[in-house]
Structures are given as structure tokens and as C-alpha cells.
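what follows is a protein structure lacking sequence information:
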């Protein structure tokens, strides 16, 4: 078990509250006053989650967008964000990007904290949302016989990251300014049996649904809609940062948004994840650490 | 204007939502489903907010306690916290301190994020609470004729910090493990006209109430209850980290908790803050940057 996995495992033992499903990646869900809140917190560190020297406007955009994407996967409507900001970057650009993303999605900045520190810069953001459908979609609801679908595409963030890192001049927007699928998540929430946003790689996130649901997910990799060259498909399936929505549906469910069918849910077998019915070769991990 | 003040000022222009009173220090207040939420986020950085090499159990305690203190000043009951954790310190000790403080105050860990990064380590915590009295106390309600009171003492964190820094072996608990006055805040909320927790120095925080309320606060420094040697009174008034509750009351209001009367609210004069009727000498700032 990695140091991070061991730490999260230990945190889970502290977090006995039923709302605490979200210690690694998932969002917390809390009932209050007849409403259901969805809460998510993501941190980003210079050199780990963004390239040193990257435009701080894009960093601000992404910091907000990745949290809104967590709300999207819960079908939640954003209520606001709190910012944990470390001074020392290009504050003017950061503020521009922050105003852009908050304006684009109509999300208020409610508060936060500003500290000295770094380098490296470290930023945190908490997003708060209101569930529009209950029960709130989770990773754990997939059932054998369900179909596996994807709204959005995979691989654009990978090619964008490489363009930015290598200064090729090619389009890098999918990496720099991901778009949380908030409307799609709200439309899907009443229909899905399980849903998450693909933040750490499609294969890894599909395996997470499988583990949480005690099923096996069998993906058809060639059906995954790619925003990258065909010869990068295997890499794109393991990259993250695309913030597509991965979800499962009972067969015959009408689709409220454009999406691609990319697999099936099977009774739990020896492996949580299959590709075209075959186990994933152990020499290729499901996801990997990358520039985000 | 300092870089931090300029940044917060710019943030305020982005944050037009009425809930956004908390961009520097205050908590955000948000109505939902018949309840009123109180939200606060504080970040801490190694070498800025704690001494390098300090026991991570104490760091975890303080990270939670300072956020709970923000809830205390709003009379809010904690609902839970989200942790933004950076790996690289003594995780076992951190987890021990986290379990201690969450257990002590009965607060659930709802979720969060764990990242690689640093040094320096940077941590963030978001605390969520439910208001027990509305309107929620703010800094802005003090009125001329009100009395100024303090629940708790001042100076203990300063002497504790110095003991720890200089390894004198003297008691440093007030600095390492501050105790948020949650019960006191809830008891006071229905009575006060203004309230905050003293995090950045009593004089600075008193001036904040004065500015927010458009009044002048006249403090009697000799009446401030000290947890430090008498000859350190002037320093203690400018230190922070004690998390006492500073509040204003109409004269004759029955006090529900032990507290000390330390001043009066006057109509706004030339200065926001007076000490025994006299302006604060400009060569002594109201608060200063320190080890927290």
C-alpha cells in the first residue's frame, strides 16, 4: 500500500460518519434542514498539479472546475466555494481566472483564507452544492446487467498537457480549462445506478465503481470516445483530468444527454475490471501519476 | 496596502454574494432549507503557522481548533470538517492529533483531499456548522453605549509559543492545543451585538469590530485578563492565537458565561480604537505577524 493509500485508509478509520464517503476522491453528502448538501475539497500544488510557470489564470480556473466536476457527478447545483489561497504567484492573473470560472458557472465565492508560504504554491478549494435528486448518485450502485456509459471524451487533457509542457503551440485548453459537466450531471442523476467524474484515469475510475459496487466492469476500449490520436488510446485510458462523467444505467434507460456506451456491468469475478472480457495486463497499471 | 490586503480587496470585488463576509477572517453564512450554515476555511503552512519540527499531532489539533473557533464566534454547532492534507510530515502523529481533536469536540471528518507536495507542508481545513441562533453574530453590530467583553484570556499562546521555540520546557499547551469556546459562543450568540474570536491579536480584532460597526472601541488594557506575565501585557494585546471570544453587549445584559469587561463602545471618532481614551501610538502596530 502506498503512503497515500495507507494515510487515506487510516483517515477512513477516523471518519466513521456516514457522510464521509469522500476521503480520497468522492464528495461528502450531508442532510440538513430538508436539503442534501454535497461537499468537496480538492488541493493543488505547483509542480504536481500544474506546471511551474503555468498561467495562474488557468490554475484558478482548474482549481474551481475540478471541484465543480465533483458536484456534477453528484447531480448537485453549486452553492458556492471557499478558497485557501497561498500568496506568491501572479495574483492578478489568478484573480482573472477565478472571476472567469466563477462567472461562467454562476458560482459565488463565499470566503476562505489567504496565507504566506511556499514555494511551492499550494492551493485548496472547497465547493458546496445542493443535491437536485435523492438519493445522490454514488459509486456503489452499479448492478450486473447495467450498461456503462461515458458523457464527454477522454484524452484531451493528456494531449493538452503535452502541448503545454513541450511548448508545441498545439491546443492545450482541455488540460488548462476543463469544463465540469454540471448540466449533464443534473440530468443524469435521476437515471443512473452509479456515477463519478473521471479525474484519475478512466480505467482506474471504472475499477473504483466496480470495487464500490462489488461488480466487475467490462469495458470496450475501442468504444471510448477519444479526444487524442488513435495511437494514444492506451495512454488516454489511463490519464486523468478530462472530467468526463462515467455512469451505469439499467438497460433501456432513456439517455437525457449525449453519451457513449463503453461497456457492461457483470457479476463480480476475479477482477474488478476487464477490457473486452480480458484482465488488464499487470505490467500496465490502471492509472498513473501525471502532471495534474 | 500590503500584498495580502490588496489581494483580499480584489477578492472582495469578485465576491459579491451576501454570504461572502469571510474573505479574510470571518466565516461565511448561508441559508439553506430552513437552516443557516456557517462555513470557514483556514490554511496553515509549516514555518509560518507552526514551527518546523513541531509535533504533527499538535498541528492537526490546531488546524481543526482554529476553524472550530470561527464557528464558536458565530454561535454555530459544528457539523463536520473537510481536510486538505499534504503528505510528507509524520502522518501517524498527525492522525493521532486529528482523532484527538475530532473526538474531543464530537466533530465528524466528512472528506477532503490528500496530495503530494512541499516542503513546506501546507494544510487546509474547511469546517461546516449550523447556526443555533439567528441572526448569526457578526462583527458589524456593535452600537455606541455597548460594553466590550472578553471570554477567555490573552497571552497564553504567546508565552506557549516562546517556550516551544526556545525549548524552555515551560508549558506550551495554549499555543499548541488551543480550545475553541464552542459552548460559550452558543450561549452568547442570542445576547451579543457583535462577536469574533481573537485570532490575530486583541487590538487588531477590536479594531475590526470598530471598523465593521462604524464605531470607536475604547479598551481598558489593564482589565484584560492575562495568561502571561504582567510585563508582557503590551505584547500579549498584540499577539494572536488565543481564540478568546471578544463581544459587545448592551449595558445590563445578563452574562451566560464567565467573561471580563474590558471596554466601551463609543460613537465613531477619529480612531477606530482607543486605549484608556487615547489613540494607539503609531510606532506600535495593533497586531503583528508571528509564529502562527
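Sure thing, it's come through. Bear in mind the structure is a predicted one, so any value in this text is a computation, not a measurement.

give me every residue in the stretch 51-200 of chain A lying close to chain B.
When proximity is defined as CB under 8 Å from any CB of the partner chain, the stretch 51-200 of chain A approaches chain B at A:79-80, A:82-87, A:91-92, A:95, A:98-99, A:102, A:108-118, A:120, A:122, A:124, A:126, A:128, A:130. Yep, even glycine has a C-beta here, placed from its N, CA and C like the rest.

which members of those residues occur in strands, if any?
Cross-referencing these against strands under DSSP state E gives A:79-80, A:82-86, A:109-115, A:122, A:124, A:126, A:128, A:130.

return, as residue ranges, the portions of chain A with sub-threshold pLDDT.
Low-confidence segments of chain A, defined by pLDDT under 70: A:1-3, A:15-25, A:283, A:288-292.

so where does the residue nearest the centre of it fall, helix or strand?
Nearest residue to the geometric centre of chain A (CA atoms, centre = their mean): residue A:199, 3.3 Å. Using DSSP states H and E, residue A:199 falls within no helix or strand.

quick check: the gap between the closest residue to it other than its chain neighbours and residue B:43.
Leaving out its chain neighbours, the residue that sits closest to residue A:199 by CB to CB, 6 or more residues apart in numbering or on different chains is residue A:240, at 5.2 Å. Residue A:240 sits 25 Å away from residue B:43, going by CB to CB, to the nearest Å.

equivalent analysis for residue A:160, please.
Distance from residue A:160 to residue B:43, counting by CB to CB: 29 Å.

which residue ranges form the helices in chain A?
Remark: helices assigned in chain A by DSSP state H are A:3-14, A:56-72, A:91-105, A:156-165, A:173-176, A:182-188, A:202-213, A:233-236.

so residue A:240 and residue B:43 - more neighbours on which side?
The residue with more neighbours, out of residue A:240 and residue B:43 and counting by other CB atoms under 10 Å in any protein chain shown, is residue B:43; that gives 26 against 23.

I'd assumed residue A:41 was in contact with residue A:128.
No: if you go by CB atoms under 8 Å, residue A:128 and residue A:41 don't touch, sitting 10.0 Å apart.

domain assignment for chain A?
Chain A resolves into domains spanning A:3-131, A:147-279 when parsed by automatic domain parsing.

among these, show me which one is buried the most.
Of all the domains of chain A, domain A:3-131 carries the top mean neighbour count, a mean of 22, counting by mean count of other CB atoms under 10 Å in any protein chain shown.

tell me the gap between that one and the middle of its chain.
Its chain's average C-alpha position is 12 Å from that of domain A:3-131, according to CA atoms, centre = their mean, to the nearest Å.

what does stretch A:206-220 give?
Counting by CA atoms, centre = their mean, stretch A:206-220 comes out at 16 Å from the chain centroid.

does any bit of that stretch sit next to chain B?
No: Stretch A:206-220 lies out of reach of chain B by CB under 8 Å from any CB, never closer than 14.8 Å.

span of that stretch from start to end?
Using CA to CA, to the nearest Å, the end-to-end distance of stretch A:206-220 comes to 12 Å.

go on, stretch A:100-115?
End-to-end span of stretch A:100-115 (CA to CA): 23 Å.

likewise stretch A:187-206?
The first and final residues of stretch A:187-206 sit 21 Å from each other (CA to CA).

stretch A:127-147 now?
End-to-end for stretch A:127-147, by CA to CA: 30 Å.

that one: which residues count as buried?
Across stretch A:127-147, burial judged by 16 or more other CB atoms under 10 Å in any protein chain shown covers A:127-133, A:136-142, A:146-147.

spatially nearest residue to residue A:81 (excluding sequence neighbours)?
Spatially, and ignoring its direct neighbours in sequence, residue A:81 is nearest to residue A:127 (4.9 Å; CB to CB, 6+ apart).

tell me the contacts of the one you found?
Residue A:127 sits next to A:39-41, A:64, A:67-68, A:70-71, A:78, A:80-81, A:107 when contact means CB atoms under 8 Å, 6 or more residues apart in numbering or on different chains.

and which of those is nearest to chain B?
Using CB to the nearest CB, residue A:41 comes nearest to chain B of those, at 4.1 Å.

ok, now how distant is the closest residue to that closest one other than its chain neighbours from residue B:208?
Computed as CB to CB, 6+ apart, the closest residue to residue A:41 that is not its neighbour in sequence is residue B:82, at 4.1 Å. Distance, residue B:82 to residue B:208, using CB to CB: 26 Å.

can you check residue A:73 too?
Here residue A:73 is placed at a distance of 39 Å from residue B:208 (CB to CB).

so for residue B:27, which of the domains of chain A sits nearest?
Closest to residue B:27 of those, according to CB to CB: domain A:3-131, at 6.6 Å.

which non-adjacent residue is nearest residue A:105?
Using CB to CB, 6+ apart, the nearest residue to residue A:105 is residue A:68, at 6.0 Å.

re the thing from before, a markdown table for the domains of chain A, including distance to residue B:6?
Below are the domains of chain A laid out as a markdown table (distance: least, CB to CB, whole Å):
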| stretch | distance to residue B:6 |
| --- | --- |
| domain A:3-131 | 8 |
| domain A:147-279 | 26 |
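
out of the ones you listed, nearest to residue B:270?
Judged by CB to CB, the one of the domains of chain A that comes nearest to residue B:270 is domain A:3-131, at 29.3 Å.

tell me what residue A:35 is bridged to.
Counting by DSSP bridges, residue A:35 forms beta bridges with residue A:32.

which residues sit in contact with it?
A:130-131, B:32-33, B:35.

so how far is chain B from residue A:273?
As for residue A:273, its distance to chain B is 23 Å (criterion: CB to the nearest CB, to the nearest Å).

over to residue A:26?
Taking CB to the nearest CB, one finds residue A:26 at 7 Å from chain B.

thought that residue was touching residue A:138?
Yes: Residue A:26 is in contact with residue A:138 according to CB under 8 Å; the separation is 7.4 Å.

hmm, back to that, quick one: closest of the helices of chain A to residue B:203.
Of the helices of chain A, nearest to residue B:203 by CB to CB is helix A:91-105, at 27.8 Å.

now what about the closest one, what contacts it?
Counting by CB under 8 Å, 6+ apart, A:55-61, A:64-65, A:68, A:78, A:81, A:83, A:85, A:107-109, A:177, A:180, A:182, B:3, B:6-7, B:10-11, B:14 sit against helix A:91-105.

and if we set it to 6 Å?
For helix A:91-105, contacts defined as CB atoms under 6 Å, 6 or more residues apart in numbering or on different chains pick out A:55-57, A:60-61, A:64, A:68, A:109, B:7, B:10, B:14.

spit out the contact partners of the residue nearest to residue A:272 when sequence neighbours are not counted.
Nearest non-adjacent residue to residue A:272, counting by CB to CB, 6+ apart: residue A:210, 3.7 Å away. Counting by CB under 6 Å, 6+ apart, residue A:210 touches A:216-217, A:272-273.

equivalent analysis for residue A:228, please.
Each residue near residue A:228 by CB under 6 Å, 6+ apart is listed here: A:155, A:158-159, A:236.

how about residue A:140?
A:212-213.

so how far is residue A:11 from the residue nearest to residue A:224 when sequence neighbours are not counted?
Leaving aside its sequence neighbours, residue A:224 sits nearest to residue A:262 (CB to CB, 6+ apart; 5.1 Å). Distance of residue A:262 to residue A:11, computed by CB to CB: 32 Å.
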